[in-house]
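Asker: Sequence and predicted structure, then a few things I'm wondering about:
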Amino acid sequence: MDSGPKLHEFRRKLLRWFDENARDLPWRRSRDPYAIWVSEIMLQQTRVAAVLEHYTRFMERFPKLHNLAAAKEQEVLAYWSGLGYYRRARLLHKAAQFVAREMGGSLPQTATELRALPGVGEYTCAAIASIGFGEAVACVDGNVERVVRRLRGWNEASGTQAMVRAAAARLLDENRPGDFNQAMMELGATVCVPRLPQCLVCPVRETCATRGEHAAAERKAMRSKEAAYAFLRRASRARAMEVLLEHRPASASLMPGMWELPAIDASHAVEENKVLTLRHSITDTNYYVTVHELNAKQQKGLPKRRAKREWFAVRELDTVPVTGLTRKVLKRLRAWPGFEAQ
Ligand code: SF4
């Protein structure tokens with residue numbers, strides 16, 4: 001299928017399917033390379049549903065690259081709160097400042113030049129260059145890799161990454177590279193899914209060598225950890241509810257500089273004051289978390305830490321860079337903007 005009528009037919013069928021079936025996602029309504037860049041960074045290792053919750057609000061606050069470059073990092077993190085992998089937000093912010101300072105505020109137009117930006121990898125460069133600038137360069141993310149492997153009949157052992165990339169480049173439609181790349185990603189996300197691919201409705205099944213799944217590599221087992229946090233609230237002078245949060249040190253390996261509920265030890269984490277139990281997954285670890293409501297007197301007995309603690313008005317929490325776990329807990333406890341107890 002590397003050349004000739006079969007390849008032509010493959011591209012035609014895939015693009016027609018994409019034109020008729022593509023999901024209406026907010027970042028697809030724009031060809032602005034900056035908007036595509038933001039969406040691609042948000043989508044890394046994150047579900048589309050979670051990105052949908054954050055993308056529009058982020059773009060309303062930072063509609064152009066210079067708005068993002070001029071913002072304080074704390075505010076960028078606040079708008080990222082809940083998406084996780086905060087290093088992405090920091091690198092995006094730094095790269096925007098780099099473009100504003102060193103490149104006159106305009107993104108470079110080719111995948112090769114885009115690699116000069118901090119934190120922008122090969123896949124993201126190809127996505128920005130092909131969708132935003134029409135450069136004929138193939139994007140290979142996890143979805144595309146799976147589609148190519150199945151089209152060719154290559155499992156993990158019989159097809160190397162280099163073979164997959166070369167095959168993706170040969171398949172690319174040079175007349176509509178941005179749409180073609182998005183079509184391959186969309187096929188992988190909605191039809192050629194990891195488990196139970198929907199081959200019967202697949203637009204390219206006639207040229208597919210697999211028409212099904214390859215045996216999956218063994219999944220890494222998840223680790224389990226337990227953690228306990230304190231929930232302290234009070235009414236401010238203006239009778240607005242406030243909650244106590246703790247600042248993660250800048251030297252922390254995970255989520256430095258973010259705010260979270262104060263962590264507590266077993267002496268405070270007793271059954272009588274437990275208000276919530278939940279599971280929260282970060283990479284390969286499941287955290288089994290309990291949250292305990294403490295009163296003002298118990299606050300004095302909180303473990304001594306070098307980290308600072310501060311009271312925050314609940315109605316302003318969505319402008320504070322809090323961790324995803326704390327955000328989840330505060331929403332469940334109705335101590336988050338729009339979720340407050342009546
Ligand atoms: S026929 Fe099945 S396995 Fe092949 S590309 Fe389509 S969905 Fe994937």
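Answerer: Done, it's in.
Asker: Is it correct that Leu114 is in contact with Pro108?
Answerer: Yes - look at Leu114 against Pro108 with CB atoms under 8 Å: they come within range, at 5.3 Å. Where you see a C-beta, it was placed from the backbone N, CA and C, and this is true even at glycine.
Asker: okay, the two: which has more neighbours?
Answerer: Leu114 (26 against 18; other CB atoms under 10 Å).
Asker: Roughly how far does Arg237 sit from the ligand?
Answerer: 61 Å (CB to the nearest ligand atom, to the nearest Å).
Asker: Do you have the strands of the stretch 101-250 of the chain handy? List them.
Answerer: 223-231, 233-235, 241-247 (DSSP state E, counting those that start in this stretch).
Asker: number of nearby residues for Met241?
Answerer: Around Met241 there are 16 residues (other CB under 10 Å).
Asker: which residues touch the residue nearest to it when sequence neighbours are not counted?
Answerer: Nearest non-adjacent residue to Met241, counting by CB to CB, 6 or more residues apart in numbering: Val314, 4.6 Å away. Contacts here follow CB atoms under 8 Å, 6 or more residues apart in numbering; on that basis Val314 touches Arg233, Ala240, Met241, Glu242, Val243, Leu330, Ala335, Trp336, Pro337, Glu340.
Asker: Buried only: go through those residues for me.
Answerer: Buried members of these, counted by 16 or more other CB atoms under 10 Å: Arg233, Met241, Glu242, Val243, Leu330, Ala335, Trp336.
Asker: The fourth one pairs with what?
Answerer: With DSSP bridges applied, Val243 shows beta-bridge pairing to Arg233, Phe312.
Asker: same check, this time on the one 4 residues further on
Answerer: Per DSSP bridges, residues listed as beta-bridge partners of His247: Trp259.
Asker: Touching, it and Arg305? I think so.
Answerer: No - if you go by CB under 8 Å, His247 and Arg305 don't touch, sitting 9.5 Å apart.
Asker: Spatially, which two of the buried ones among the contacts of Val314 are the most separated?
Answerer: Glu242 and Trp336 (12.8 Å; CB to CB).
Asker: For the strands of the stretch 101-250 of the chain, give me a markdown table that also has mean pLDDT and distance to the ligand.
Answerer: Converted to a markdown table, these look like this (pLDDT from 0 to 100; distance: least, CB to the nearest ligand atom, whole Å):
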| stretch | mean pLDDT | distance to the ligand |
| --- | --- | --- |
| strand 223-231 | 92 | 32 |
| strand 233-235 | 91 | 51 |
| strand 241-247 | 94 | 46 |
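Asker: which stretch of helix or strand covers the nearest residue to Leu43 once chain neighbours are set aside?
Answerer: Nearest residue to Leu43 in three dimensions, chain neighbours excluded: Val51, at 5.5 Å (CB to CB, 6+ apart). Using DSSP states H and E, Val51 sits in helix 48-61.
Asker: Which residues outside the next helix or strand after that helix are in contact with it?
Answerer: Sequence-wise, the next helix or strand downstream of helix 48-61 (DSSP H and E) is helix 65-70. Helix 65-70 is touched from outside by 34, 61-62, 76, 92-93, 96-97, 99-101, 105, 107, with contacts defined as CB under 8 Å, 6+ apart.
Asker: Stretch 250-269 too?
Answerer: Against stretch 250-269 from outside (CB under 8 Å, 6+ apart): 73-74, 77, 81, 86, 227-232, 243-249, 282, 290-292, 294, 298, 301-303, 309-310, 312, 320-323, 325-326, 329-330.
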